[in-house]
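**Student:** no sequence for this one, just the structure:
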């Protein structure tokens, strides 16, 4: 069950009402949002949706994230993106593009991604790229691959080291 907070409803309704139809296609949830907004009062209350809500806030636990890039490569709408910036892998998110399909959460090998089902309407239509995580990166001491800062070996080299120790 999702909960949508009615934050700045009048401004959001106005912005959605003034959009040309061609722009609605770029953000898959706007037409649905327009329909939902027509069904709720402008009294500042919250609305609970019995149906599976297409809005939730994606949250990444930076302490668990290895910045492997699986989430950004699997995202069908490119709501999650990843880029390198000065020794960090920066994972960004555009709320208006996300359909909450759950592929990123299911595929994350560290279990670092979750959906928080409480979101403001302003966030649901946000086209800005917001940073979800900044993961410091370094190099594997053995092979030079890029790995999460604080680790000495990449997973492959860790396995090799374990095999070599077991063999001796």
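**Tutor:** Yep, that arrived. Since we're looking at a predicted model, the values are computed, not measured.
**Student:** Could you point out the longest helix of this structure?
**Tutor:** helix 155-167 (DSSP state H).
**Student:** these two touch, right, residue 103 and residue 73?
**Tutor:** No. Using Cβ atoms under 8 Å as the test, residue 103 is too far from residue 73 to be in contact (10.0 Å). To be clear about C-beta, it is placed using only N, CA and C from the backbone, and glycine gets the same treatment.
**Student:** the more surrounded of the two?
**Tutor:** Using other Cβ atoms under 10 Å as the criterion, residue 103 and residue 73 rank with residue 103 on top: 16 against 12.
**Student:** Can you tell me the closest non-neighbouring residue to that one?
**Tutor:** Leaving out its chain neighbours, the residue that sits closest to residue 103 by Cβ to Cβ, 6 or more residues apart in numbering is residue 74, at 4.8 Å.
**Student:** same question, residue 102
**Tutor:** residue 115 (7.4 Å).
**Student:** Shouldn't the one you found be within a helix?
**Tutor:** No. Per DSSP: H, G, I helix; E, B strand; the rest coil, residue 115 lies outside any helix segment and is strand.
**Student:** Check which residues of the longest strand seen in the chain are buried.
**Tutor:** When the chain is parsed with DSSP state E, its longest strand is strand 130-139. Within strand 130-139, the residues scored as buried using 16 or more other Cβ atoms under 10 Å are 132-133, 135, 137.
**Student:** I'd like to know which of those residues is nearest to residue 84.
**Tutor:** Checking those against residue 84 by Cβ to Cβ gives residue 137 as the nearest, at 7.5 Å.
**Student:** Could you check how far the closest one is from residue 156?
**Tutor:** Going from residue 137 to residue 156 by Cβ to Cβ, to the nearest Å gives 16 Å.
**Student:** quick revisit: reformat the buried residues of strand 130-139 as JSON lines; add pLDDT and distance to residue 90.
**Tutor:** Output for the buried residues of strand 130-139, formatted as JSON lines (pLDDT from 0 to 100; distance: Cβ to Cβ, whole Å):
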{"residue": "132", "pLDDT": "91", "distance to residue 90": "9"}
{"residue": "133", "pLDDT": "93", "distance to residue 90": "7"}
{"residue": "135", "pLDDT": "92", "distance to residue 90": "8"}
{"residue": "137", "pLDDT": "90", "distance to residue 90": "10"}
